[in-house]
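Visitor: missing the sequence, but the structure's below:
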């Protein structure tokens, strides 16, 4: 992030250009020879309108150019530089209007003085003055703070965040973590911060499992950035980690290497699997819904819900037969489907043998992946709301099918819990990386259906989705459309041309191709131009080698104080 001179007084930098059309939405500025204008600068000018008075027009620089005035041919540059031909260098900046006060949409007049906005002028130009609840986002290129209107994040006027960018370069998950950290530690949530929760799915490494550990790389300069944004740097004090049991472990010890406290085993009992109808999430791939065996899935799910009786340590008895493992349950179901006398009761009467065989093959293939997290040898665990403010669900040690199962089941549980609560408060934030995998543009699946419900009805229920993906063009359109806040880091050249990024200006579409880690383009509803933001280095550990000792007594804090979550790829660290 580049820092410029911070001023509180607006300074003149040029005049409205007369050789380019000035419109109420876009105009050009001739930059004075003793001044400069750079991309993302906030400029302001005024004009007198008969019968109205002074109209103040503010905007953001979206393009800058310089050229020789007086040159006719490309080769003239050499003669001009040698002093043979008379000419002068002139810089000009394109300004996209962000605010007009009062709202009389007239173009600025050529020759009017244009100033670089500072202090109150800048606040008004970017609508910061009207944000009752501000979430600090970071700093603009001039070194001044940038804010997000919390109303578009907490459901008052909108909800949900979409973050896109190249994996390992765009710092998507680091920004998602920072966003929640800033939201929880600022005054944006007012009295709601203590009860608001965050659920994070960790899909890459163990970097997100150390949110309650301070970052040993935190120095005075980084701390100063936090303080300038009105935040106190530090780790998240209230964190719970859920991780799947180790392979082959009969006691349910969590499979985590970087920490030994504040970790709970993540699994479901066979009794829960049957009674709560979780079998469809074993078939949660979008391709499954296009297969006929989904009819068998629904029939078997209903049969297990009806016939299974809970036993000790999460085991079940189905039609009098005791089953103590997921593999045993799969074998039992396959036997019933293979038995001609019982097949109709378990699969229905209108299903062919080919469809049943396809279901059996898929179910048998799930034994290795799902048997680790669906148990009949461990007691049932309470599945209510997490006591800690931040709950991190670790998926990185699980295979693809098991990851889908965990994500689908937990999302559905959270959605149903909020529906039963009947109120939108306290808020529940959900951070999900690789959204294009769980809610692809084509096909359908139980997970995608739940995510659509969250996107379309979550605001009224108090559920806010923060989704991250490499390619927004591959995510279900309705989910992206319901995201009030859109964030873009570095993009691939082909992806940047997609219509999903139409909110970026033409210059920004080029700039995202070379955006550095820690630089994001943030679009919010009040502003017609996305703001370029650099956010501070995390004050919490983002990898094991950065982790200091957690605050005394905070290794497994369950008191919701004022902190959220983190989601950083191994390389998703802003510098």
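Guide: Cool, the structure landed. These figures come from a predicted structure and were not determined experimentally.
Visitor: which other helices and strands contact the helix or strand that contains residue 174?
Guide: Applying DSSP states H and E as the criterion places residue 174 in helix 172-185. Contacts defined by 3 or more Cβ pairs under 8 Å, 6 or more residues apart in numbering; DSSP states H and E place helix 172-185 against strand 134-139, strand 161-164, strand 428-432, strand 463-469. Bear in mind the C-beta positions are built from the backbone N, C-alpha and C, glycine included.
Visitor: strands paired with the helix or strand just after it, and their directions?
Guide: Downstream of helix 172-185, the first helix or strand assigned by DSSP H and E is strand 197-202. Strand 197-202 sits in its sheet next to strand 390-394 (parallel), strand 428-432 (parallel), going by DSSP bridges.
Visitor: Contacts only, for the nearest residue to residue 17 once chain neighbours are set aside.
Guide: Setting aside the residues directly before and after it, residue 17 is nearest to residue 28 in space (Cβ to Cβ, 6 or more residues apart in numbering), at 3.9 Å. Taking Cβ atoms under 8 Å, 6 or more residues apart in numbering, we find residue 28 in contact with 16, 17, 20, 22, 92, 93, 94, 95.
Visitor: Domains in this structure, by residue range?
Guide: Annotated domains of the chain cover 11-126, 145-243+262-267+381-546, 268-375 [automatic domain parsing].
Visitor: CSV for those domains, including mean pLDDT and distance to residue 138?
Guide: Below are the domains of the chain laid out as CSV (pLDDT from 0 to 100; distance: least, Cβ to Cβ, whole Å):
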stretch, mean pLDDT, distance to residue 138
domain 11-126, 94, 12
domain 145-243+262-267+381-546, 91, 4
domain 268-375, 88, 35
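Visitor: Can you read off the backbone torsions of residue 254?
Guide: In terms of degrees, to the nearest 10, the main-chain angles of residue 254 are phi -60, psi 140.
Visitor: Hmm, I typed the wrong one, I wanted residue 67.
Guide: Dihedral pair for residue 67: phi -160, psi 160, per degrees, to the nearest 10.
Visitor: That one contacts residue 87, doesn't it?
Guide: No. Taking contacts as Cβ atoms under 8 Å, residue 67 lies outside contact range of residue 87: 9.5 Å.
Visitor: doesn't the residue nearest to residue 17 fall inside a helix?
Guide: No. Applying DSSP: H, G, I helix; E, B strand; the rest coil, one finds residue 28 to be strand, outside a helix.
Visitor: Mind listing the residues bridging to it?
Guide: residue 94.
Visitor: circling back to that earlier point, could the contacts of residue 28 go into CSV alongside neighbour count and distance to residue 264?
Guide: Below are the contacts of residue 28 laid out as CSV (neighbours: other Cβ atoms under 10 Å; distance: Cβ to Cβ, whole Å):
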residue, neighbour count, distance to residue 264
16, 22, 62
17, 22, 63
20, 15, 63
22, 22, 62
92, 18, 60
93, 26, 55
94, 21, 54
95, 29, 54
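Visitor: Among the residues you listed, which one sits closest to residue 462?
Guide: residue 95 (39.4 Å; Cβ to Cβ).
Visitor: ok so, going back, and residue 67 and residue 87? Which one has more around it.
Guide: residue 87 (17 against 12; other Cβ atoms under 10 Å).
Visitor: can you tell me which residues contact that one?
Guide: Counted by Cβ under 8 Å, 6+ apart, residue 87 has contacts 68, 69, 70, 71, 76, 80.
Visitor: buried subset of these?
Guide: 71, 80 (16 or more other Cβ atoms under 10 Å).
Visitor: Can you add distance to residue 257 and secondary structure and give the contacts of residue 87 back as a markdown table?
Guide: Shown next, in a markdown table, are the contacts of residue 87 (distance: Cβ to Cβ, whole Å; DSSP: H, G, I helix; E, B strand; the rest coil):
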| residue | distance to residue 257 | secondary structure |
| --- | --- | --- |
| 68 | 62 | strand |
| 69 | 65 | strand |
| 70 | 68 | coil |
| 71 | 65 | coil |
| 76 | 66 | helix |
| 80 | 65 | helix |
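Visitor: which one of the contacts of residue 87 is nearest residue 406?
Guide: Of all those, residue 68 has the smallest distance to residue 406: 62.4 Å, by Cβ to Cβ.
Visitor: out of everything not next to it in sequence, what's closest to that closest one?
Guide: residue 87 (4.6 Å).
Visitor: Read off the pLDDT value for residue 259.
Guide: pLDDT, residue 259: 82.
Visitor: Was I right to think it contacts residue 207?
Guide: No. Taking contacts as Cβ under 8 Å, residue 259 lies outside contact range of residue 207: 11.9 Å.
Visitor: can you pull the contacts of residue 280?
Guide: With the criterion set at Cβ under 8 Å, 6+ apart, residue 280 makes contact with 297, 298, 301, 446.
Visitor: let's go with 7 Å and repeat that
Guide: Counting by Cβ atoms under 7 Å, 6 or more residues apart in numbering, residue 280 touches 297, 301, 446.
Visitor: Would you agree the second one falls within a helix?
Guide: Just to be clear, that refers to residue 301. Yes. Per three-state DSSP, residue 301 lies within a helix segment.
Visitor: most distant residue from the middle of the protein?
Guide: Within the chain, residue 84 marks the point farthest from the mean C-alpha position, 57.1 Å out by Cα atoms, centre = their mean.
Visitor: Roughly how far does that one sit from residue 76?
Guide: 9 Å (Cβ to Cβ, to the nearest Å).
Visitor: Then residue 267?
Guide: 75 Å.
Visitor: secondary structure class for residue 387?
Guide: coil.
Visitor: ok, it to residue 197 distance?
Guide: Taking Cβ to Cβ, one finds residue 387 at 9 Å from residue 197.
Visitor: Give me the more crowded residue out of these two.
Guide: More neighbours surround residue 197 than the other of residue 387 and residue 197, with 22 against 15 (other Cβ under 10 Å).
Visitor: Verify the contact between that one and residue 389 for me.
Guide: Yes. The criterion here is Cβ atoms under 7 Å, and residue 197 meets it with residue 389 at 5.9 Å.
Visitor: Just give me the longest helix of the protein.
Guide: Criterion DSSP state H: the longest helix present in the chain is helix 400-421.
Visitor: ok, and the closest non-adjacent residue to residue 175?
Guide: Using Cβ to Cβ, 6+ apart, the closest residue to residue 175 is residue 520 (5.5 Å).
Visitor: pretty sure that neighbour is in a strand, no?
Guide: Yes. Counting by three-state DSSP, residue 520 falls inside a strand.
Visitor: can you redo the contacts of residue 28 as a markdown table with distance to residue 214?
Guide: Formatted as a markdown table, the contacts of residue 28 follow (distance: Cβ to Cβ, whole Å):
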| residue | distance to residue 214 |
| --- | --- |
| 16 | 51 |
| 17 | 51 |
| 20 | 52 |
| 22 | 52 |
| 92 | 48 |
| 93 | 43 |
| 94 | 44 |
| 95 | 43 |
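Visitor: Run through the strands of the stretch 401-550 of the chain in chain order.
Guide: Using DSSP state E, counting those that start in this stretch, the strands of the stretch 401-550 of the chain run over 428-432, 463-469, 485-488, 519-523, 531-534.
Visitor: who does the second one touch, helix- and strand-wise?
Guide: Yep, that's strand 463-469 we're talking about. strand 161-164, helix 172-185, helix 400-421, strand 428-432, helix 435-438, helix 446-461 (3 or more Cβ pairs under 7 Å, 6 or more residues apart in numbering; DSSP states H and E).
Visitor: want to try a markdown table for the ones you listed, with mean neighbour count and distance to residue 243 as columns?
Guide: Putting the helices and strands packed on strand 463-469 into a markdown table (neighbours: other Cβ atoms under 10 Å; distance: least, Cβ to Cβ, whole Å) gives the following:
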| stretch | mean neighbour count | distance to residue 243 |
| --- | --- | --- |
| strand 161-164 | 28 | 24 |
| helix 172-185 | 28 | 18 |
| helix 400-421 | 20 | 11 |
| strand 428-432 | 25 | 17 |
| helix 435-438 | 23 | 20 |
| helix 446-461 | 20 | 20 |
